[in-house]
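**Q** next one to model:
(chains A and B)
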Amino acid sequence: MAPGTVQLNIFAWNQKLTKYVKEGQPEKTMQLFQQMQQEEISPNEFTFVPVINACAGLGALEDGRLVHEQLIQSGCKFDVFVGNSLVDMYAKCGSIEDAWRVFNKMPCQDVVTWNAMILGQVKCGQGQKALELFREMEQEGRVFDKMPSRNVVTWTAILLGYVKCGQGQKALDLFQEMKQEGVHPNAFTFVAVLNACASLVALEDGRCAHEQIIQSGCESDVFVGSSLVDMYAKCGSMEDAWKVFNKMRSRDVVTWTAILGGCAMHGHGKDALQHFERMCEEGVEPNDVTFVCLLSACSHAGLVDEGMHCYTSMITDYMISAKLEHYTCMVDLLGRAGHLQEAENMIMAMPFEPHVAPWMALLGACRIHGNVEMGERVAKQILELDPENSAGYVLLSNIYAAAGNMHLSKNVEQQRKERGVKKHPGRTWIEVNNEVHTFVVDDQDHPQMIEIRAELQRLSGLMHDAGYVPDTNFVLHDVEEEEKLFHLCHHSEKLAIALGLINTPPGTPLRIRKNLRVCEDCHTSVKFISKVVGRAIMVRDVNRFHHFEDGICSCMGYW
DNA sequence: CATTCATAAT
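**A** Numbering: from 1, shown residues only, chains lettered A, B, ... in the order given. Prediction:
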């Protein structure tokens, strides 16, 4: 063999290994690596990088360790690229300890090494640890007066970390800090920012991000476009979601699914069905998530026959097998429409381990239709599967209360307390003048509390005159009747609405977000409030949007 | 000759 031939060969092999990784075919990379070993081709450091990468892509920790061993035995140069691949691989495979071991062995770490560590921490939900690393990088940058030690990837990773653990506001604050440091956001960053806005129902921040997206030229990125559609839908503006959607030059299945999900959330069932047709006509193949959104849209609009048809079509025409989420949608669809027995049969026919989600959907339906007998049976199932499920107790208690059996209703609450199962505290958020405020029940802490109380008092009078009668069955605190009335006035959504009313000009629509479902009494109250103050009020609860206007809610009872 | 870190829908 002529000198140089081997080098040329290894180059070709390495290129092929890299090509497979880039194409998203890590299995092929591994196969090719096997073949190289069979043909006794000695690898170099350029060989190991794509192979380690492939292990990361496959989440194959054991293979990764073996390759790491081989790397050491091969005597190849252990440079920063190889080290970074290893850190990334261990972090992605969930072994942070191994990632740290490699990190500490590396003679010098660069920004990529740090980023891989931060992302590893974010991935396993260790947001705090990720932030510590991020701040540490800031220190190092100053102490050594090197090149900026953090780049746009670092910032984006931290933004994602915040969004992931429900700290959207901190993500938005950090986004400002990032720009002040002169780091330019890119498509990845904007996706994280839009996600934060969506999670907060921060429409104004979302619009602001949209403007920056246009300025930066990321507008045509399909990830950014899909995130914009999702953000606008989740912030209550389907009008803007459609505007973005219609302007997009290329739309993939995720884009379509995002708009269908928006239709579902807003109760636009017919729109969802119509655009699902259009999606198929345009040759975009729906997937399982697309059908979750479509079925949920049918459910939230009470389109039973259409939903049944979609479900059958999914299985027979698209060969997509029903997952837990699809069953849950179908139980919800049938249950809401009053087909309780069919819904229960559906759960019984599920080919999976029992799960609370479809049972909860059925229990909700039992509450809507006042079926005490089935409700008891279903609640029992739920509490066997998940004894900590406070919503199971609350719904059953509501079912008894609605049936007029206050004794049993109180018993259930009593049982819940005895077993130490805590209710999830209800919380409401509202964006007023670009600032998000949060409230819990009976909140006294807001700086404008005096004005809020006065506003509630005023509303109470107006609502009374309009014919509103409080429904005390849905206040399940262990309190006397007069006190109940007091509590009803102070559910967190009412506090938030009062704040919104006193801080915005007459006629301004209000947008609020809840972490739970709206209670029956609040739902009725908000209808009255929308009428007596002449405001559109949008409430996003855990399931969907309620658009209240002139005494009517868009959900038409389907929630 | 080349290689490493990041993104959307339930």
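**Q** tell me which residue lies nearest the centroid of chain A.
**A** With distances taken as C-alpha atoms, centre = their mean, residue A:199 lies nearest the centre of chain A, 7.2 Å away.
**Q** helix or strand next in line after the strand or helix carrying it, which one?
**A** Taking DSSP states H and E as the definition, residue A:199 sits inside helix A:187-200. Downstream of helix A:187-200, the next assigned helix or strand under DSSP H and E is helix A:203-216.
**Q** what sits up against that following helix?
**A** Contacts of helix A:203-216 with the rest of the structure, by C-beta atoms under 8 Å, 6 or more residues apart in numbering, involve A:172, A:184-186, A:190, A:193-194, A:196-198, A:219, A:224, A:228, A:231-232, A:235-237, A:240, A:431, A:434, A:511. (Glycine included, C-beta is placed from N, CA and C.)
**Q** which among these are in contact with DNA strand B?
**A** A:186, A:198, A:224 (C-beta under 7 Å from any atom of the strand).
**Q** going by neighbour count, which of these comes out on top?
**A** When neighbours are taken as other C-beta atoms under 10 Å, the top entry among those is residue A:224 (24 neighbours).
**Q** what about residue A:312, which helix or strand?
**A** Counting by DSSP H and E, residue A:312 is found in helix A:304-316.
**Q** CA atoms only: put that helix into CSV for me.
**A** Extracted C-alpha coordinates of helix A:304-316, given in CSV (Å, rounded to 0.1, in the frame of the first residue of the first chain):
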residue,chain,number,x,y,z
VAL,A,304,-69.8,13.5,18.6
ASP,A,305,-70.4,11.9,15.2
GLU,A,306,-67.6,13.8,13.6
GLY,A,307,-65.2,12.8,16.4
MET,A,308,-66.2,9.1,16.1
HIS,A,309,-65.6,9.3,12.4
CYS,A,310,-62.2,10.8,12.9
TYR,A,311,-61.2,8.2,15.4
THR,A,312,-62.2,5.3,13.0
SER,A,313,-60.5,7.0,10.1
MET,A,314,-57.3,7.4,12.2
ILE,A,315,-57.2,3.7,12.8
THR,A,316,-58.4,2.3,9.4
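**Q** beyond that helix, next helix or strand please.
**A** Heading C-terminal from helix A:304-316 (DSSP H and E), you reach helix A:324-336.
**Q** for that following helix, give the mean pLDDT please.
**A** Averaged across helix A:324-336, pLDDT comes to 96.
**Q** run the chain-centre distance for it.
**A** Put simply, helix A:324-336 sits 20 Å off its chain's centre (C-alpha atoms, centre = their mean, to the nearest Å).
**Q** ok, stretch A:428-435 next?
**A** Using C-alpha atoms, centre = their mean, the distance from the centre of stretch A:428-435 to the centre of the chain it belongs to is 20 Å.
**Q** list the buried residues of that stretch.
**A** Neighbour counts over stretch A:428-435 (16 or more other C-beta atoms under 10 Å) mark A:428-432 as buried.
**Q** quick one: secondary structure of residue A:436?
**A** strand (DSSP: H, G, I helix; E, B strand; the rest coil).
**Q** enumerate every residue touching it.
**A** A:169, A:200, A:202, A:429-430.
**Q** out of those residues, who's nearest DNA strand B?
**A** residue A:200 (13.3 Å; C-beta to the nearest atom of the strand).
**Q** spit out the contact partners of that closest one.
**A** Residue A:200 touches A:168-169, A:172, A:429, A:431, A:436, A:513, counting by C-beta under 8 Å, 6+ apart.
**Q** and which of those residues is nearest to DNA strand B?
**A** residue A:168 (12.2 Å).
**Q** any idea how far residue A:196 is from that closest one?
**A** 4 Å (C-beta to C-beta, to the nearest Å).
**Q** more neighbours, those two?
**A** residue A:196 (27 against 24).
**Q** tell me the contacts of that one?
**A** Contact analysis of residue A:196 by C-beta under 8 Å, 6+ apart lists A:159, A:162-163, A:168-169, A:171-172, A:175, A:202, A:205.
**Q** show me how to select, in PyMOL, the buried members of the residues you listed.
**A** A single PyMOL command selects the buried members of those (16+ other C-beta under 10 Å):
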select buried, chain A and resi 159+162+163+168+169+171+172+175+202+205
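**Q** return the subset of the contacts of residue A:196 lying in helices.
**A** The helices, defined by DSSP state H, take in A:159, A:162-163, A:168-169, A:171-172, A:175, A:205 from those.
**Q** would CSV of the residues you listed with pLDDT be doable?
**A** CSV is the format used below for the ones in helices among the contacts of residue A:196 (pLDDT from 0 to 100):
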residue, pLDDT
A:159, 96
A:162, 94
A:163, 94
A:168, 93
A:169, 92
A:171, 96
A:172, 96
A:175, 97
A:205, 94
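**Q** can you list the residues of the stretch 151-300 of chain A near DNA strand B?
**A** Contacts of the stretch 151-300 of chain A with DNA strand B, taken as C-beta under 7 Å from any atom of the strand, map to A:151-154, A:156-157, A:160, A:186-189, A:191-192, A:195, A:198, A:221-224, A:226-227, A:230, A:252-255, A:257-258, A:261, A:287, A:289-290, A:292-293, A:296.
**Q** strands - which of these land there?
**A** Secondary structure defined by DSSP state E assigns none of those to strands.
**Q** only whichever of the residues you listed are buried, select them in PyMOL.
**A** Per 16+ other C-beta under 10 Å, the buried members of these correspond to this PyMOL selection:
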select buried, chain A and resi 153+154+156+157+160+186+187+188+189+191+192+195+198+221+223+224+226+227+230+254+255+257+258+261+289+290+292+293+296
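**Q** burial check on residue A:93, number of neighbours?
**A** For residue A:93, the number of neighbouring residues by other C-beta under 10 Å comes to 21.
**Q** how close does the residue lying closest to it once chain neighbours are set aside sit to residue A:96?
**A** Distances taken as C-beta to C-beta, 6 or more residues apart in numbering put residue A:61 closest to residue A:93, at 3.9 Å, once the chain neighbours are dropped. Distance of residue A:61 to residue A:96, given as C-beta to C-beta: 12 Å.
**Q** name the residues contacting each of these two.
**A** Counting by C-beta under 8 Å, 6+ apart, the residues touching both residue A:61 and residue A:96 are residue A:90.
**Q** buried residues of stretch A:106-120, list them for me.
**A** Quick answer for stretch A:106-120 (16+ other C-beta under 10 Å): A:106, A:109, A:111-120.
**Q** sorry, wrong one. I was asking about stretch A:535-543.
**A** Neighbour-count burial for stretch A:535-543 [16+ other C-beta under 10 Å]: A:535, A:537-541, A:543.
**Q** mind putting those in TSV, pLDDT, secondary structure and distance to residue A:25 included?
**A** Below are the buried residues of stretch A:535-543 laid out as TSV (pLDDT from 0 to 100; DSSP: H, G, I helix; E, B strand; the rest coil; distance: C-beta to C-beta, whole Å):
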residue	pLDDT	secondary structure	distance to residue A:25
A:535	96	coil	55
A:537	95	strand	51
A:538	94	strand	45
A:539	94	strand	46
A:540	94	strand	40
A:541	92	coil	43
A:543	86	coil	39
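**Q** quick one: which of those is nearest to DNA strand B?
**A** Of all these, residue A:543 has the smallest distance to DNA strand B: 9.0 Å, by C-beta to the nearest atom of the strand.
**Q** contacts only, for that closest one.
**A** Residue A:543 neighbours (C-beta under 8 Å, 6+ apart): A:265, A:300, A:517, A:559.
**Q** quick check: which ranges of the stretch 401-550 of chain A have low pLDDT?
**A** A:472-489 (pLDDT under 70).
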